[in-house]
Structure formats: structure tokens, C-alpha cells
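Need the 3D shape of this:
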Amino acid sequence: MLALAGKYLGAIGVLAIFVIAAFVIAVMGLVLRRRYPHAGPGQVQSIPPYALPRWRPLLRETWLRTGDVLTIVTPLLVGGSVVLALLGHIGADGQHLCAGCLDLLLGLVERVAAGADRNTRAFLRQSQRGGPAQPL
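I've put the predicted structure just below:
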């Protein structure tokens, strides 16, 4: 938005936008402070002092957050890679091994989709005739 203002208004126009925004914020702050004098600072939070972390708690928390990745996910990835490499080595990674399983799964999905489509068409025909609109 400011780039567009800079293109058409120039640097002075963009500076004027900032000055007007600061003025509006200052005026609203004064008005709200007079309207609600008892209200505190609201969302201001105290910030604890910065310090270098101790190594033992840092390493313990790091292990708690990442230990599952190293102990569960990494062996699964390595094991899966070994299985896929062995399947590729014996030539069973192509269409030959899973072609029948895939055809069976696709046939099942087609039957379920066709049955759902048939029920939907019957429901729509019956509801268009003015009959009771009950799913079959």
C-alpha cells in the first residue's frame, strides 16, 4: 500500500501518511485515557531477564522433543528404504507384484461409487416427482 502511495504521492506523501497515523494514535490515546482513567496498561507483560541456558536442561528438553523422531521415525524410514531396495533388486517393485491388488481395489471403489450414484439418482427422481424425499 505504501509502495502505491510512494509511486503516486512521492516521499512527502508517504511521510504525511506516517505523520497523520501517529497523530491519530496520539489523539486516540489521549481521548481513551480521559474516558477510562482507571484502566491499566492491559496487555503489557513483564519480560524475564535473559540468561544463557544451562546445558543439561537444554539437552533434556531437546531430547524430549526430538527423541521420537530418532527412535521411531528414523528406523521406519531406514527399514522402508531397505524393503523398497530389496523389492527393486528382485524386480518386484513394478506393476507385476501389485497389479492384481490394484485392480481389485479399483474394482471395489467403482462398485461402491456406482451404488452411491444409483441411490442418488433414485432419490433425486423421487423428490422431483413430489414424492416423499427419503434416501433409499
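
Quick check on A51: phi, psi?
phi -150, psi 150 (degrees, to the nearest 10).

wait, I meant I47
Note on I47: backbone dihedrals following degrees, to the nearest 10 are phi -100, psi 120.

Number of residues surrounding it?
6 (other C-beta atoms under 10 Å). For glycine as for every other residue, the C-beta is placed from the backbone atoms N, C-alpha and C.

Under the pLDDT cut-off, which ranges of this protein? List them.
Filtered on pLDDT under 70, the chain yields the residue ranges 1-2, 39-42, 92-105, 112-136.

Specify the residue ranges that define each domain of the protein.
1-40, 93-136 (automatic domain parsing).

can you pull out the helices in this protein?
For the chain, the helices defined by DSSP state H occupy 2-35, 55-68, 74-90, 95-128.

Next, format the ones you listed as TSV and append distance to P49.
Below are those laid out as TSV (distance: least, C-beta to C-beta, whole Å):
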stretch	distance to P49
helix 2-35	29
helix 55-68	17
helix 74-90	38
helix 95-128	61
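
can you redo those as JSON lines with distance to P48 and mean neighbour count?
Listed next are these as JSON lines, based on distance: least, C-beta to C-beta, whole Å; neighbours: other C-beta atoms under 10 Å:
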{"stretch": "helix 2-35", "distance to P48": "28", "mean neighbour count": "11"}
{"stretch": "helix 55-68", "distance to P48": "15", "mean neighbour count": "10"}
{"stretch": "helix 74-90", "distance to P48": "35", "mean neighbour count": "10"}
{"stretch": "helix 95-128", "distance to P48": "57", "mean neighbour count": "11"}
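
For V44, find the nearest of these.
Closest of these to V44 is helix 2-35, at 14.1 Å (criterion: C-beta to C-beta).

any idea how far L76 is from I17?
Using C-beta to C-beta, to the nearest Å, we find L76 at a distance of 55 Å from I17.

Sorry, slip of the keys, the one I care about is L106.
For L106 relative to I17 (C-beta to C-beta), the value is 61 Å.
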